[in-house]
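Enquirer: What shape does this take:
(chains A and B)
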Amino acid sequence: MTDGAARFGWFESVPPDGLEGARDVIENESTELPEDWPTRAVESDFAADESDYYNKLHSATTATMRAAVREAGRADDRQLTHSVRAIDDAERVANEVAERAVEWGESLFEDLPAGLTGARAMADREPTSSAEERAISLARRAAGLADEADALRAHVERTAPSVAPNLAEMAGPVLAARLIALAGGLESLAKKPSGTVQVIGAEDALFAHLAGRAPSPKHGVIYTHEAVRGTRLEDRGSAARALAGKLSIAARVDHYAGDLRPSIHEDLRDRVVSIRARADDEAAGESAEGGE
Amino acid sequence: MTDLPVGVKRRQFDGVSRLATRGAPVYGEPTDGEWRVWDAGRSKLGATVEAGLDTGLVGGDRVLYLGAASGTTVSHVADFAGPTYAVEFAPRPARDLVEVAERRPRLFPLLKDARRPETYAHIVESDLDAVIQDVATRDQAEVALRNQRFLARDGRLILAIKARSEDVTAAPGDVFEDVLDSLREGYEVLETVRLDPTHDSHLAVVARPR
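Expert: Predicted structure coming up:
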């Protein structure tokens, strides 16, 4: 227990008249155990009486939350869009540069593993000539850019749940961010019919293809989801349709309400289970009907 | 039937007797003069009171409400209780919560994570009469245990356990037993009641600190 330690009340460093700085104290300070704060505040002349204290607490807490909510509205889906696009760019360029560096490295050193692994191996070497210096420096850039992509991914994983809690829960933070980026924002994703959401998945690969860095798309982004990928080929269309439907509900809840709704995730799970049960039913049906 | 807290009444709305509190309307609920319906279908605490559980709430209580969401239920609590601290973690519902709080001078909204009480112990006072918890996370018992520090010795924990937040695949009955077991590490469970069918797979619990 920290009973002996001094407990810190929010009002102790806030001027009673203007309540300046109250937001910072409310949001960032902490203390292990509560106290009879109203009495303490009156004793320390922060408030004239209990009622005055509560009035001040009310203005401080509502103003703080109002400000935080306003900022959260800005932090938002645009940041997520930039982040997820940056992941793609960083990864793509890291791979390209790594390839070039390794190709160069192989002419200077022994055989290297391909791609980023090779670039990282090169990055650890000490150069002995000016050509090696350049090749190794290039490899280090590739490794650094790959690290940046990892850091960006971690950032998306951390921030996506606060922007779109249900979408992030259902699709995973990165796929959620990708859907938001491709739709042009959470609001426009929320306004799209689920059939369109299902197709949005395909656009990423399509644009990659048009930009010349991917084969032509057979499937879109939501096909990377376990609900689809883990379902047998014949039923993938159903699974993708079910997933797209639930994803668009998730996007709407996230945009218009913003709380986490466990029920929609459970609905999707139920739906996927019943779609996959078709395979079992057919197997069971065939063996039961014998020669048919 | 236990007594309703002062400030909560049964009143006739369209010929049906329903719970009501006095305060500014929040979500388009039916009103009668200054009374407004406390819809048990939208509020687990409302359903708990409706089910006749002795919540220990008497009116004028000092309350910490965990999982305030957009403020539907907490608005009713603030109507009949005294100082009410409302903790909500998600910014989006907080947008509505702050509107609800603006019109209730003894409702104090906090954008905080209920799993981390040390981040609001410098604001929320000690010796509260009630902690009301309705959070949709795993480890609901753990949240209740961590927030025990705010409760008076004879205070009450009023908890809605959501089976599906703990484990969607397990049978709700088993989940409730697990949560109650963990809860007993710090609380004495006084009463429980299933809230079905108004709130599927929810168990209302009243407990007091050990």
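Enquirer: Please read off the pLDDT at the closest residue in space to A:Arg269 that isn't next to it in sequence from the model.
Expert: Distance criterion CB to CB, 6 or more residues apart in numbering or on different chains; nearest residue to A:Arg269, sequence neighbours excluded, is B:Val168 at 6.7 Å. (Each C-beta comes from the backbone N, C-alpha and C, glycine too.) pLDDT recorded at B:Val168 is 73.
Enquirer: ok, the closest residue to chain A within chain B - contacts?
Expert: At 1.9 Å from chain A, B:Arg92 is the closest residue in chain B, using CB to the nearest CB. The neighbours of B:Arg92, taking CB atoms under 8 Å, 6 or more residues apart in numbering or on different chains as the test, are A:72, A:254, A:257-259.
Enquirer: Please identify the buried residues of stretch B:103-115?
Expert: Neighbour counts over stretch B:103-115 (16 or more other CB atoms under 10 Å in any protein chain shown) mark B:104-115 as buried.
Enquirer: Of those residues, which is the nearest to A:Pro165?
Expert: B:Asp113 (13.2 Å; CB to CB).
Enquirer: picking that back up, can you list the contacts of B:Arg92 in TSV and add secondary structure and neighbour count?
Expert: Formatted as TSV, the contacts of B:Arg92 follow (DSSP: H, G, I helix; E, B strand; the rest coil; neighbours: other CB atoms under 10 Å in any protein chain shown):
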residue	secondary structure	neighbour count
A:Ala72	helix	18
A:Asp254	helix	29
A:Ala257	coil	18
A:Gly258	coil	22
A:Asp259	coil	18
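Enquirer: Walk me through the regions of chain B where pLDDT falls short of the threshold, as ranges.
Expert: B:1 (pLDDT under 70).
Enquirer: Can you show me the strands along it?
Expert: B:8-13, B:16-22, B:31-32, B:35-37, B:63-66, B:84-88, B:107-111, B:128-133, B:151-162, B:187-194, B:202-209 (DSSP state E).
Enquirer: in the sheet, who's paired with the most centrally placed residue in chain B?
Expert: By CA atoms, centre = their mean, the mean C-alpha position of chain B lies nearest to B:Ile132, the distance being 3.7 Å. B:Ile132 has these beta-bridge partners by DSSP bridges: B:Tyr65, B:Ile158.
Enquirer: SS state for A:Pro34?
Expert: coil (DSSP: H, G, I helix; E, B strand; the rest coil).
Enquirer: That one and B:Val74: what is the separation?
Expert: Separation of A:Pro34 from B:Val74 (CB to CB, to the nearest Å) stands at 19 Å.
Enquirer: What count of nearby residues applies to B:Thr192?
Expert: Other residues near B:Thr192 come to 15 when the count uses other CB atoms under 10 Å in any protein chain shown.
Enquirer: Same check on B:Thr72?
Expert: Counted with other CB under 10 Å, B:Thr72 comes out at 21.
Enquirer: ditto for the one 4 residues further on
Expert: B:His76: 27 surrounding residues under other CB under 10 Å.
Enquirer: Those residues of chain B touching chain A, which are they?
Expert: Of all the residues in chain B, those in contact range of chain A (CB under 8 Å from any CB of the partner chain) are B:69-70, B:83, B:90-95, B:97-98, B:101-102, B:105-111, B:118-127, B:136, B:149-150, B:162, B:164-165, B:168.
Enquirer: and those residues, which are buried?
Expert: Counted by 16+ other CB under 10 Å, the residues of chain B next to chain A give B:69-70, B:83, B:90-95, B:97-98, B:101, B:105-111, B:119-126, B:136, B:149-150, B:162, B:164-165, B:168 as buried.
Enquirer: Please narrow those residues to those residing in helices.
Expert: B:91-95, B:97-98, B:101, B:164-165 (DSSP state H).
Enquirer: Spell out which residues sit in contact with A:Ala143, please.
Expert: A:94, A:98, A:116, A:119-120, A:123 are the contacts of A:Ala143 under CB under 8 Å, 6+ apart.
Enquirer: distance of the residue of chain B closest to chain A from A:His255?
Expert: 8 Å.
Enquirer: got it, and A:Ser162?
Expert: 14 Å.
Enquirer: Neighbour count: the two, which is higher?
Expert: A count of neighbours by other CB under 10 Å puts A:His255 above the other of A:Ser162 and A:His255, at 22 against 17.
Enquirer: how many neighbours does A:Asp270 have?
Expert: 12.
Enquirer: That one: helix or strand, and which one exactly?
Expert: Per DSSP states H and E: A:Asp270 is located in helix A:262-289.
Enquirer: Pass me the low-pLDDT residue ranges in the stretch 51-200 of chain A, would you?
Expert: A:73-75.
Enquirer: Now it against chain B: closest residue?
Expert: Minimum separation of the stretch 51-200 of chain A from chain B (CB to the nearest CB) falls at A:Ala72, amounting to 3.4 Å.
Enquirer: Distance-wise, check that residue relative to A:Pro161.
Expert: A:Ala72 is 13 Å from A:Pro161, by CB to CB.
Enquirer: Now do the helices in the stretch 151-292 of chain A.
Expert: A:165-171, A:173-183, A:186-191, A:194-210, A:226-229, A:236-256, A:262-289 (DSSP state H, counting those that start in this stretch).
Enquirer: Which elements pack onto the first one?
Expert: Think helix A:165-171. Using 3 or more CB pairs under 8 Å, 6 or more residues apart in numbering or on different chains; DSSP states H and E, the elements in contact with helix A:165-171 are helix A:130-163, helix A:173-183, helix A:236-256, helix A:262-289.
Enquirer: counting contacts, what elements does the last one pack onto?
Expert: By that I understand helix A:262-289. helix A:165-171, helix A:236-256, helix B:163-166.
Enquirer: what's the answer for the shortest one, then?
Expert: In terms of contacts (3+ CB pairs under 8 Å, 6+ apart), helix A:173-183 is packed against helix A:50-108, helix A:130-163, helix A:165-171, helix A:186-191, helix A:194-210, helix A:236-256.
Enquirer: Just say which of the ones you listed is most tucked in.
Expert: Across the helices and strands packed on helix A:173-183, averaging neighbours per residue (mean count of other CB atoms under 10 Å in any protein chain shown) puts helix A:165-171 on top, at a mean of 24.
Enquirer: which outside residues touch it?
Expert: By CB under 8 Å, 6+ apart, helix A:165-171 touches A:160-161, A:176-177, A:179-180, A:186, A:189, A:222, A:225, A:246-247, A:250-251, A:253-254, A:258-261, A:264-265, A:268, B:90.
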